[in-house]
Each structure stands twice: as C-alpha cells, then as structure tokens.
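[1] Next input, structure requested:
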Amino acid sequence: MSVLIFNTSFYVPVTFADVWEEWIKTRLLPNVEASLPQLVVEVFEVVSQTGGEHLIYSVQWRCNNSEEIGQLDDLLAPELQSLVAQFGDKITHFSSVMKRTMG
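    All right, here's what the predicted structure looks like:
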C-alpha cells in the first residue's frame with residue numbers, strides 16, 4: 001500500500017506567526033481531527049529556505065488512499081478560505097499531494 005502525503009505549505013509573516021499558530025492549534029487541526037481522526041498530521045517549519053520576513057511551514061497529513069485525500073481536500077477548502085477571510089493575502093498557502101515511492 002502506498003502512502004500519500006497531503007501537504008499544505010504556509011508563508012507566514014513573522015509578525016503573524018503567533019496568530020497563525022493559534023489558528024492552526026485551535027481551528028484547523030482540531031476540525032480535521034474531528035472529521036478524519038485516522039489521519040496522522042505533522043507540522044514542520046521549513047529551515048532550508050528562509051522567506052526573509054516570512055516563516056514557511058509545512059503541514060502534512062498521511063493518507064492511505066485517494067478517498068482520504070478527497071475527504072481532506074473537501075474539509076480543508078472552507079478552513080483555508082477562513083484563513084483568507086481573516087488575514088487576506090498576508091498569509092498565503094498552497095497544497096500538493098505526494099506519494100511515497102521508496103522506503
């Protein structure tokens with residue numbers, strides 16, 4: 001069985017890091033866990049590339065199949081829209097899906 005990783009990267013101004021972290025901890029992660037408790041999530045700060053006055057974060061969910069990817073994508077869409085509604089274009093994000101090929 002291949003493992004699929006649903007990754008959402010966030011570009012967060014240093015001045016917004018605390019409010020972004022609060023949003024992740026109190027809204028995004030709990031809402032995903034409530035609907036898809038079987039998914040394992042990890043949150044990373046990207047340190048190989050600095051964004052100047054921005055911090056770069058990667059939030060990764062391990063999914064077992066494309067059905068879980070679709071469910072997660074459907075769940076994340078309104079959550080990410082709420083982020084845009086709250087912060088406008090100050091905090092940006094993009095999502096991608098990766099498949100483990102070795103290991």
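[2] Can you show me the strands along this structure?
    With strands called from DSSP state E, the chain shows them at 4-13, 40-45, 54-63, 92-99.
[3] Can you read off the backbone torsions of G88?
    phi 60, psi -140 (degrees, to the nearest 10).
[4] Distance check, it against Q81.
    Distance from G88 to Q81, counting by Cβ to Cβ, to the nearest Å: 12 Å. Bear in mind the C-beta positions are built from the backbone N, C-alpha and C, glycine included.
[5] For stretch 55-75, buried residues please.
    55-57, 59-61, 63, 68-69, 71-72, 75 (16 or more other Cβ atoms under 10 Å).
[6] With stretch 84-99 instead?
    Of all the residues in stretch 84-99, those buried under the rule 16+ other Cβ under 10 Å are 87, 90-91.
[7] Repeat that for stretch 45-57.
    For stretch 45-57, the neighbour count (16+ other Cβ under 10 Å) marks 54-57 as buried.
[8] one step back: the buried residues of stretch 84-99 into TSV, with extra columns for distance to V97?
    Output for the buried residues of stretch 84-99, formatted as TSV (distance: Cβ to Cβ, whole Å):
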residue	distance to V97
F87	24
K90	26
I91	21
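[9] No further queries at this time; thank you.
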